[in-house]
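# Okay, structure incoming, though there's no sequence with it:
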């Protein structure tokens, strides 16, 4: 009994020392970690808000920073689209530029090894919504060399600019598009099979995430539906 | 250990060659097989393990006399987990991209059996400078092993090395789990072969020396 107590006290002393050290490291890296996370998000936002034809930002850089700084805590909302479970990760960001509205959303859908996280910019102009561009934020659970290629710009560019007609029909990758007569973006078909050989599941996850975010945009953000 | 080597040099060297954690001791197989899909991931994981291993070896050697035998394992794990959490926080703050690509494997360093293995088998029984050399040697051995494995898998499986494109010939199998086992198996066999050849050569040498001595007499 005495031995057990003695051992317990000794172990406790070690744990208290470890906790003190960790507390110190946590406090001293807290701001740097926050900055690293924010700067990663800022880079992604700048990327989706760039007009890829002219290479210029559609929104003032300072405005993006301001919105990002004052965006508050992250909140995950589970959503389902045609049997696929996905997530919308709030907050979303809204920008007003020369008569058009730009929405930036972050969402996720299951890929090969875990969630694939995608940031998407939707533009609403003259009552029409279209997908402007995407940036894959996290595909770290996908197979390197296969699914993880989605992190490269080439495969992501295949998703750029999907018109409302395509979004309404639901975005699919070309391998899943057997039932669509015309395989183009107006019909929601994104060709990825040539740039992502041997990996259909990962771009499919991106397509699912886009569908989930589009539904959320339409039903909740613009439709005024309660969450 | 050879007679003309110093103890310190041997302590450092054995982790890289004769007691290499990956190819000889077959320790820490989970991160070895999982992260070596590319050379850079192997290098990053290896360096993170080296830092944790060296630091935890030093601390465990320093406290080895103040650790009751019955609860030594929980105390070792506490020390190791503290260092891993520290590394995780520091990498998140200052090397964001590497932290992201190593993902789940950083927290898993806690249960990497090389680290607990060296703490129990070496650091808890030896003075601090030997413990540090042992940790460093084992860590470097592990890093080199992972780097070699990652390089071979990346070159064969993805036609690139350290992210530099080499050619378009790719065998996807090598970046998938079977490729990890196959490459590891061939490498382990290769190093074993070298070891056997070396031992045979030494034996032959010793025999020749003995015969020469006998002839002289």
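Thanks, I have it. It should be emphasised that the depicted structure is a prediction, and the values quoted were computed from it without experimental measurement.

# tell me the mean pLDDT for stretch A:77-90?
Per-region confidence: stretch A:77-90 scores 88 on mean pLDDT.

# how long is that stretch end to end?
For stretch A:77-90, the first-to-last residue distance is 7 Å (CA to CA, to the nearest Å).

# Of all the residues in it, which ones are buried?
A:79, A:81, A:84, A:86, A:87, A:88, A:89, A:90 (16 or more other CB atoms under 10 Å in any protein chain shown). The C-beta positions use only the backbone N, C-alpha and C, and glycine is treated the same way.

# which strands and helices sit next to the host helix or strand of residue B:53?
Element membership for residue B:53 (DSSP states H and E) is helix B:39-62. When contacts are defined as 3 or more CB pairs under 8 Å, 6 or more residues apart in numbering or on different chains; DSSP states H and E, helix B:39-62 sits against helix B:29-35, helix B:72-94, helix B:96-102, helix B:113-121, helix B:128-158.

# in terms of contact, does residue B:144 touch residue B:46 like I think?
Yes - using CB atoms under 8 Å, residue B:144 is in contact with residue B:46, at 7.4 Å.

# about what we covered before: could you tell me which of the buried residues of stretch A:77-90 are located in strands?
Among the buried residues of stretch A:77-90, the members falling in strands (DSSP state E) are A:79, A:81, A:84, A:86, A:87, A:88, A:89, A:90.

# pretty sure the fifth one is touching residue A:78, no?
Yes - taking CB under 8 Å as the definition, residue A:87 is a contact partner of residue A:78 at 5.9 Å.

# Flag every residue of chain A that's near chain B.
When proximity is defined by CB under 8 Å from any CB of the partner chain, chain A lies next to chain B at A:3, A:6-7, A:10-11, A:14-15, A:18, A:21-22, A:25-26, A:29, A:32-33, A:35-37, A:39-40, A:138, A:140-141, A:143-146, A:198.

# Pass me the low-pLDDT residue ranges in chain A, would you?
A:144-145, A:224-227 (pLDDT under 70).

# Which residue is most remote from the mean position of it?
Distance from the C-alpha centroid of chain A peaks at residue A:2, with 55.8 Å (CA atoms, centre = their mean).

# gap between that residue and residue A:14?
Separation of residue A:2 from residue A:14 (CB to CB, to the nearest Å): 19 Å.

# And for residue 166, the neighbour number?
Since you didn't name a chain, this refers to chain A. Residues near residue A:166, counting by other CB atoms under 10 Å in any protein chain shown, number 23.

# should've been chain B
Neighbours of residue B:166 under the rule other CB under 10 Å: 11.

# and it, what does it touch?
Going by CB atoms under 8 Å, 6 or more residues apart in numbering or on different chains, residue B:166 touches B:155, B:159, B:160.

# Now with 10 Å, please.
Each residue near residue B:166 by CB atoms under 10 Å, 6 or more residues apart in numbering or on different chains is listed here: B:154, B:155, B:158, B:159, B:160.

# if I look at the last one, how far off is residue B:166?
If I follow you right, that is residue B:160. 6 Å.

# Overlap of the contact sets of those two?
Shared contacts of residue B:160 and residue B:166 (CB under 10 Å, 6+ apart): residue B:154.

# Does residue A:75 have any beta-bridge partners, and if so which?
In this structure, residue A:75 bridges to residue A:90 when assessed by DSSP bridges.

# So for chain B, the centremost residue is which one?
The residue lying closest to the centre of chain B (CA atoms, centre = their mean) is residue B:142, at 1.9 Å.

# Once you drop chain neighbours, what's closest to that one?
Counting by CB to CB, 6 or more residues apart in numbering or on different chains, the nearest residue to residue B:142 once its immediate chain neighbours are dropped is residue B:21, at 5.0 Å.

# Tell me the pLDDT of the one you found.
At residue B:21, the pLDDT value in this model is 83.

# check contacts around it.
B:15, B:27-29, B:32, B:49, B:53, B:112-115, B:117-118, B:137-139, B:141-142, B:145-146.

# try 7 Å
When the contact criterion is CB atoms under 7 Å, 6 or more residues apart in numbering or on different chains, the partners of residue B:21 are B:15, B:27, B:28, B:114, B:138, B:141, B:142.

# So what's the gap between the longest helix seen in chain A and the chain middle?
For chain A, the helix that runs over the most residues, judged by DSSP state H, is helix A:2-48. In this view, helix A:2-48 has its centroid 26 Å away from the chain centroid, taken as CA atoms, centre = their mean, to the nearest Å.

# List the contacts of the helix or strand just after it.
Sequence-wise, the next helix or strand downstream of helix A:2-48 (DSSP H and E) is strand A:50-51. If you take CB under 7 Å, 6+ apart as the criterion, strand A:50-51 is touched by A:56, A:57, A:58.

# Correct me if wrong: the second one contacts residue A:49.
In this case it means residue A:57. Yes - Residue A:57 lies in contact with residue A:49 (CB atoms under 7 Å); the separation is 5.9 Å.

# out of these two, which sits in the busier spot?
For residue A:57 and residue A:49, the more surrounded residue by other CB under 10 Å is residue A:49, and the numbers stand at 26 against 15.

# Which strands and helices lie in contact with the one helix or strand in chain B whose mean pLDDT sits lowest?
One helix or strand of chain B scores below all others by mean pLDDT, DSSP states H and E: helix B:96-102, with a mean of 78. Applying 3 or more CB pairs under 7 Å, 6 or more residues apart in numbering or on different chains; DSSP states H and E, we find helix B:96-102 packed against helix B:39-62, helix B:72-94.

# hmm, try it at 10 Å
Packed against helix B:96-102, as judged by 3 or more CB pairs under 10 Å, 6 or more residues apart in numbering or on different chains; DSSP states H and E, are the following elements: helix A:2-48, helix B:29-35, helix B:39-62, helix B:72-94.

# what's the most buried one of the ones you listed?
For the helices and strands packed on helix B:96-102, the largest average neighbour count (mean count of other CB atoms under 10 Å in any protein chain shown) is found in helix B:39-62, namely a mean of 23.

# Off-centre distance for that helix?
9 Å.

# swap in stretch A:63-71?
Remark: stretch A:63-71 is offset 17 Å from the chain centroid, using CA atoms, centre = their mean.

# By residue count, tell me the biggest helix in chain B.
What stands out as the longest helix in chain B, according to DSSP H, is helix B:177-216.

# buried sites along that one?
The neighbour-count check on helix B:177-216 (16+ other CB under 10 Å) flags B:179, B:180, B:183, B:184, B:187, B:188, B:191 as buried.

# What sits closest to residue A:115 if chain neighbours are left out?
Among residues not flanking residue A:115 along the chain, residue A:108 sits closest, at 4.1 Å (CB to CB, 6+ apart).
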